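Undergrad: what would the 3D arrangement of this be:
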Amino acid sequence: MARVKRGPVAKTRRRKVLKQAKGYFGSKHRLYKTAQEQLFHSGTYAYRDRKQNKRNFRRLWIIRINAACEQNDISYSRFINGLNKAGVEINRKMLAELAVSNPKAFSELVRMAKDGLTGKVKKEDVKVETKKEEVKPVVKKTEEKQEVKKEEVKPAKEDKPKKETKEDLNSKTVAELKEMAKAKNLTGYSTMKKADLIKELNK
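TA: Next comes the predicted model:
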């Protein structure tokens, strides 16, 4: 049985691991064993922090909204409660963006939240108008039966055999010319030259 060498395969596998560990500190990007251990940990951290990231962003949005609410003399909890009572459905990501980039629009939302808290604006009073496209009824027209006229099949006219011109005869070989002379019952065609054959056929 032939000997199996694993050198190239093992080297490729280790090179792949070290490539993924590029940028790690110390031996974690140099030595295969420590690099592989670090990659296992990195995968665990990445999985965990993909979930953690959502919580971190929500916390950041709440901090920004709270800071803007303090400038408008209202607490964060009362602001969110007022928006819910007023029927304003805007998520925290959009509210945080408005608080940073458009303070005037955020102040208008604060006013609506305060009206919602006092009962001036209720969730039932807010009507969201959606444009409905008018659906026109489609009436299917009855297909009119069209009379199919039968085309008269005219008998094809028989083409009369055209007389071959001098140019056509010149393009043919001597053997073909002799066959034509034989068909026309010419005498002495077997000893004739090409020019004589053409002359006799053109008569």
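Undergrad: can you count the residues close to Val100?
TA: As a burial measure, Val100 scores 13 neighbours (other C-beta atoms under 10 Å). Backbone N, C-alpha and C define where each C-beta goes, glycine included.
Undergrad: distance of the closest residue in space to it that isn't next to it in sequence relative to Phe106?
TA: Nearest residue to Val100 in three dimensions, chain neighbours excluded: Arg64, at 6.3 Å (C-beta to C-beta, 6 or more residues apart in numbering). Arg64 sits 10 Å away from Phe106, going by C-beta to C-beta, to the nearest Å.
Undergrad: neighbour count: these two, which is higher?
TA: Phe106 (22 against 16).
Undergrad: how far off centre is the host helix or strand of that one?
TA: In this structure, Phe106 sits in helix 103-118 according to DSSP states H and E. Distance of helix 103-118 from its chain centroid, counting by C-alpha atoms, centre = their mean, to the nearest Å, is 43 Å.
Undergrad: got the contact list for it?
TA: Applying C-beta atoms under 8 Å, 6 or more residues apart in numbering, the external contacts of helix 103-118 come out as 68-69, 71-72, 74, 78-88, 90, 95, 98-99, 121-123.
Undergrad: can you rerun that using 10 Å?
TA: Contacts with helix 103-118, where a contact means C-beta atoms under 10 Å, 6 or more residues apart in numbering, come from 65, 68-69, 71-74, 78-88, 90, 94-100, 102, 120-123, 125-126.
Undergrad: can you check stretch 65-81 too?
TA: Outside stretch 65-81, the residues touching it (C-beta under 10 Å, 6+ apart) are 62-63, 82, 92, 95-96, 98-100, 103, 106-107, 109-114, 116-117.
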